[in-house]
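Colleague: My questions concern the predicted model and sequence given below.
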Amino acid sequence: MAPPKFEKETRPNRLEFWNRKAKTFPRYSPGENTYEAGVLQLAKDNGAVFAGARVLDVGAGTGLYTVRIAQEAQEVVAVDFSSEMLAILEEDAAKLNLTNIKTHNIGWLEFPLNGEFNVVYCSMCPAMGQPGGLEKVLTIPKAQVVYLGWNGLLRSNVLTGLYETYKVTPKTFDSAGPTRAFLDENKVKYTTAPVEGTWRVRFSLELLTDSVVQNLSDYGVEPDLDQITSYLKTFQEPDGQCVEVTDYKIQMILWRNS
């Protein structure tokens, strides 16, 4: 395989999107019955070893996985181009007095690879869909890679109705398929495991409004706020919290670099 050419990650509109999304994005939560705890256990069941490892978390976001991995790893290097996401990660790490997390506020394609990593963890990272994103992962010698990508389904009960109202055709959520095709093309052996189910998330009306307006804006829609508020109130429970239910299909892909 020829050495890949890495393109600089310059997406100011996407940076604004992810910085705004930080306040409604999931963050670290303790306990062993959480979604992310189950995902990491699945990775371990399929051969991933985080204990005592030097781990590179690409697209770390708010540290949903980073903080949890750091509790058993030697060190976690967390890369994300959203400063707002990383601020939340750092806040949660500080609460647990974790000193083995190093954050890098930089795009994946710009991040300088220094030293060796035992594990590369990448969950739903858009940068992997950019030219050079996956190629760069393959240049990390002997690393065990744990990749999670959409596998054809991401359907929110809240957004479905809004898409119909504003005549939006939602994006196709399938990053796992192209990743498998890339690995096949490069003759990389891998294993897969399904991650499927339903998320049920509670939001304040204010936060859910901000989230859906941001989502619609990403499709070029300028929604009527009064109409949005009236619609979202139909998802409120007696305590005033809104509940969003999302069906998802994700695929975990694991391999080891040569």
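Modeller: That came through, no problem.

Colleague: What is the subsequent helix or strand relative to the strand or helix carrying E16?
Modeller: In the assignment (DSSP states H and E), E16 maps to helix 12-21. Using DSSP H and E, the next helix or strand after helix 12-21 towards the C-terminus is helix 35-45.

Colleague: In that following helix, which residues are buried?
Modeller: E36, V39, L40, L42, A43 (16 or more other CB atoms under 10 Å). C-beta here means a position set from N, CA and C on the backbone, and glycine is covered the same way.

Colleague: Give the closest residue to E222 in space, chain neighbours not counted.
Modeller: Spatial nearest neighbour of E222, excluding adjacent residues (CB to CB, 6 or more residues apart in numbering): L216 at 7.9 Å.

Colleague: Report how many residues lie close to that neighbour.
Modeller: 19 (other CB atoms under 10 Å).

Colleague: ditto for the one 4 residues further on
Modeller: Burial of G220, expressed as a neighbour count using other CB under 10 Å, amounts to 8.

Colleague: Make sure I have this right: it is in a helix.
Modeller: No - under DSSP: H, G, I helix; E, B strand; the rest coil, G220 sits outside any helix and is assigned coil.

Colleague: Need the residues that contact stretch 71-79.
Modeller: Residues from elsewhere that reach stretch 71-79 (CB atoms under 8 Å, 6 or more residues apart in numbering): 50-60, 63, 66, 69-70, 86, 89, 96, 98, 100-104, 106, 108, 111, 117, 119.

Colleague: Now intersect these with the helices, please.
Modeller: Within the contacts of stretch 71-79, residues falling in helices by DSSP state H are T66, I69, A70, L86, L89.

Colleague: I figured the fourth one was touching T103, is that so?
Modeller: Spelled out, that is L86. Yes - the criterion here is CB atoms under 8 Å, and L86 meets it with T103 at 4.9 Å.

Colleague: which intervals of the stretch 151-258 of the chain have sub-threshold pLDDT?
Modeller: For the stretch 151-258 of the chain, no stretch has pLDDT under 70.

Colleague: same thing but at 90, please
Modeller: Applying pLDDT under 90 to the stretch 151-258 of the chain flags residues 218.

Colleague: Looking only at the strand or helix carrying G177, what residues are buried by neighbour count?
Modeller: Using DSSP H and E, G177 maps to helix 176-185. Residues A176, T179, R180, F182, L183 are the ones in helix 176-185 that count as buried (16+ other CB under 10 Å).

Colleague: contacts for it?
Modeller: So helix 176-185 is contacted by 128-129, 134, 147, 149-152, 190, 192, 250-251, 253, 255 (CB under 8 Å, 6+ apart).

Colleague: re the thing from before, go through the helix holding E16 and flag the buried ones.
Modeller: Per 16+ other CB under 10 Å, helix 12-21 contains these buried residues: R14, L15, F17, W18, R20, K21.

Colleague: and it, how far from the chain's centre?
Modeller: 14 Å (CA atoms, centre = their mean, to the nearest Å).

Colleague: Kindly report the same for stretch 197-217.
Modeller: 16 Å.

Colleague: quick one: contacts of stretch 110-122?
Modeller: So stretch 110-122 is contacted by 6, 8-9, 43, 48-50, 53-59, 65, 69, 73, 77, 79, 104, 128, 136-137, 139-148 (CB under 8 Å, 6+ apart).

Colleague: in the stretch 1-150 of the chain, which ranges drop under the pLDDT threshold?
Modeller: In the stretch 1-150 of the chain (pLDDT under 90), the answer is 1-17, 23, 114-115.
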